[in-house]
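1. Need coordinates for the below:
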Amino acid sequence: MSWDGQNIVDGAYIMPFSEFHNDLFVNGIALCKNHHWAFDRGWLGIDDDYRIMISRDRFAEEPAVQSREMLNFSKEKINLPISESFMPSLKSLEWHRKK
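-> Predicted structure coming up:
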């Protein structure tokens, strides 16, 4: 597979594995590398309706040419697994928002 920036996916822990040692599917979400980095730093989160939340007060953005500004992702619903047993944990997402 050639890297074109469009189809690379990272698995992001919601509650860090280094602290919680939880490697269950419900403690993870799939993100691109940039959004994984932003998620880990609290620039973006996910609410209880599985919609993206952007922390506008935590960063200033200068988007790359031909890319979408992070703020434009605000309130978008994330793609969810078909099986409810793999849904991201709302408890973990709440923890992430509060950290």
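2. mind checking how far the residue positioned nearest the centre of the chain is from residue 83?
-> A centroid search over the chain (CA atoms, centre = their mean) returns residue 39, at 4.9 Å, as the residue closest to the centre. Relative to residue 83, residue 39 is positioned 22 Å away (CB to CB, to the nearest Å). Where you see a C-beta, it was placed from the backbone N, CA and C, and this is true even at glycine.
3. Equivalent analysis for residue 35, please.
-> In terms of CB to CB, residue 35 sits 23 Å off from residue 83.
4. What of residue 27?
-> Residue 27 is 16 Å from residue 83, by CB to CB.
5. Looking at those two, which is more packed in?
-> Taking other CB atoms under 10 Å, residue 27 and residue 83 do not tie; residue 27 has more neighbours (21 against 8).
6. Just confirm the more buried one contacts residue 93, I think it does.
-> No. The criterion here is CB atoms under 8 Å, and residue 27 misses it with residue 93 at 9.8 Å.
7. Point to the helix or strand of this structure where mean pLDDT is at its lowest.
-> helix 33-40 (a mean of 90; mean pLDDT, DSSP states H and E).
8. how about it: buried residues?
-> Within helix 33-40, the residues that count as buried by 16 or more other CB atoms under 10 Å are 35-36, 38-39.
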